[in-house]
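Asks: everything below, folded, please.
(one chain, ligands or ions: 2)
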Amino acid sequence: MLKLTLQHSIRTLDNQLLFPPDTLLTKETLDAVIYSHRAYPYPTYSLLLYGSVKGDCLNFLSTPPYDTIFLDKKQINDLLNLLETVHLYTPILESLDYFKQHDFYTYAHILMVFVLSTLLAKDLIPDYQECIQLSATGPTHDIGKICVPLNILKKTTPLTKSERGFIEHHATAGYVLLSYYYKDIQNLACEVALSHHERRDGSGYPRGILLKDPMVEIIAVSDIYDALIKPRPYRPTAYDNRAALEEITAMAEQNKIRWDVVKALIAHNRKSKPHYKEIRISAEKRGTPPSDNVYGIIAGEEKTDSKD
Ligand SMILES: [Fe+2]
Ligand SMILES: [Fe+2]
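Replies: Numbers count the residues shown, from 1 in each chain. Ligands and ions are numbered 1, 2, ... in the order given. Next up is the predicted model:
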């Protein structure tokens, strides 16, 4: 049962206050806000065909290490045909415009989690409709970041504890925003936004639950991978691909994330493209993580082991 106290406010992009800080979020308080607004249903539009999304995706796919994962033109075309069927409400699509304008890293991240999670879902989820359903959750998993001040999202020095709390607020904020837009808290996109930073061993946030939903875990692994292989404000040097895959493998070894998703990701990173069930993992770690990483360092405190 959902019961969270909001540390910060939750507003839509057009500045409607859904919840002030210190609200106790329960099914009842959420329902009251969700059904208070009558603009539903919103118009929908294909995400891939929205603005410059398709061209931007193709551009991101042609840069390393995605160019190794997406080697085959037919594979890309098949995937694009599937992605084109994902339609989202216009207020959700407008969040992409916001990120593209104000936080380009998050814009690219959202699109790559959309593409990569769909690729992995095609391997791991046999049901086509479920695959489409999951595909629609990638581009909205971080929508709650519209409620986090840009100066905190882009901060290059260690965060304070309260700034870290603001970043973590994005998971709950995303859950509320998507519940508000979809008018359905059971929609998978809401669950993905809320739980994509949870881990199988309970070490994640915001609730510290034991993550065991295979759909959410596909997004979680795609999210971690894309974050590692890109330079971030708190880590100017990206992980190289080997070190990123080893970091993710180590998380599976610690039972934080799901093995079959990790194996599917590794299989796509191999030139021969084996089936993910054929993947054998070496215990040896040979990659070198970047040394200029301030992630997890709380200003004035010891380093923590949480991952974004
Ligand atoms: Fe996130
Ligand atoms: Fe993310």
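Asks: pull out the buried residues from the host helix or strand of Lys74.
Replies: For Lys74, the host element (DSSP states H and E) is helix 73-84. Going by neighbour count (16 or more other CB atoms under 10 Å), the buried part of helix 73-84 is Ile76, Leu79, Leu80, Leu82, Leu83. C-beta: built from backbone N, CA, C; applies to glycine.
Asks: looking at the residues you listed, spot the one nearest Asn255.
Replies: Using CB to CB, Leu79 comes nearest to Asn255 of those, at 30.1 Å.
Asks: my guess is Lys263 contacts Ile281. True?
Replies: Yes. Using CB atoms under 8 Å as the test, Lys263 is close enough to Ile281 to be in contact (7.5 Å).
Asks: which bits of the stretch 101-250 of the chain sit near ligand 2?
Replies: Within the stretch 101-250 of the chain, the positions lying close to ligand 2 (CB under 5 Å from the ion) are Asp142, Asp223.
Asks: measure how far stretch 83-98 is from the centre of its chain, please.
Replies: 15 Å (CA atoms, centre = their mean, to the nearest Å).
Asks: list the buried residues for that stretch?
Replies: For stretch 83-98, by 16+ other CB under 10 Å, it's Leu83, Val86, His87, Leu88, Tyr89, Pro91, Ile92, Leu93, Ser95, Leu96, Tyr98.
Asks: list the residues that contact the third one.
Replies: This points to His87. Thr44, Tyr45, Ser46, Leu47, Ala136 (CB atoms under 8 Å, 6 or more residues apart in numbering).
Asks: next one: phi and psi at it?
Replies: His87 adopts backbone torsions of phi -110, psi 140, taken as degrees, to the nearest 10.
Asks: hang on, the earlier thing: now the element after the helix holding Lys74, going C-ward?
Replies: Moving toward the C-terminus from helix 73-84, the first helix or strand encountered (DSSP H and E) is strand 87-89.
Asks: parallel or antiparallel, which strands does that following strand pair with?
Replies: strand 44-46 (antiparallel) (DSSP bridges).
Asks: any chance you could list what contacts the partner strand?
Replies: By CB under 8 Å, 6+ apart, strand 44-46 touches Glu84, Thr85, Val86, His87, Leu88, Tyr89, Thr90, Leu93.
Asks: need these in TSV (columns: pLDDT and distance to Ala173).
Replies: Below are the contacts of strand 44-46 laid out as TSV (pLDDT from 0 to 100; distance: CB to CB, whole Å):
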residue	pLDDT	distance to Ala173
Glu84	96	29
Thr85	95	28
Val86	96	22
His87	96	23
Leu88	96	18
Tyr89	95	17
Thr90	94	19
Leu93	97	18
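Asks: now Lys271: how far from Ala193?
Replies: 34 Å (CB to CB, to the nearest Å).
Asks: more neighbours, these two?
Replies: More crowded of Lys271 and Ala193, by other CB atoms under 10 Å: Ala193, with 28 against 7.
Asks: next one, pLDDT for Tyr105 please.
Replies: We have a pLDDT of 94 for Tyr105.
Asks: Asn255 - how many residues pack around it?
Replies: 14.
Asks: identify the residues contacting it.
Replies: Neighbouring residues of Asn255 by CB under 8 Å, 6+ apart: Arg200, Asp201.
Asks: distance check, Ile185 against Ala244.
Replies: Ile185 is 33 Å from Ala244, by CB to CB.
Asks: and whichever residue of the stretch 1-150 of the chain sits closest to ligand 2, what does it touch?
Replies: As assessed by CB to the ion, ligand 2 sits closest to Asp142 within the stretch 1-150 of the chain, at 4.3 Å. Going by CB under 8 Å, 6+ apart, Asp142 touches Thr106, His109, Ile110, Val113, His170, Gly174, Ala193.
Asks: was I right about Ile257 contacting Glu198?
Replies: No. Ile257 lies out of contact with Glu198 (CB under 8 Å); the separation is 10.2 Å.
Asks: shared neighbours of these two, anything?
Replies: Common neighbours of Ile257 and Glu198 (CB under 8 Å, 6+ apart) are Ala220.
Asks: nearest residue to Lys27 in space, please, no chain neighbours.
Replies: Leu2 (6.0 Å; CB to CB, 6 or more residues apart in numbering).
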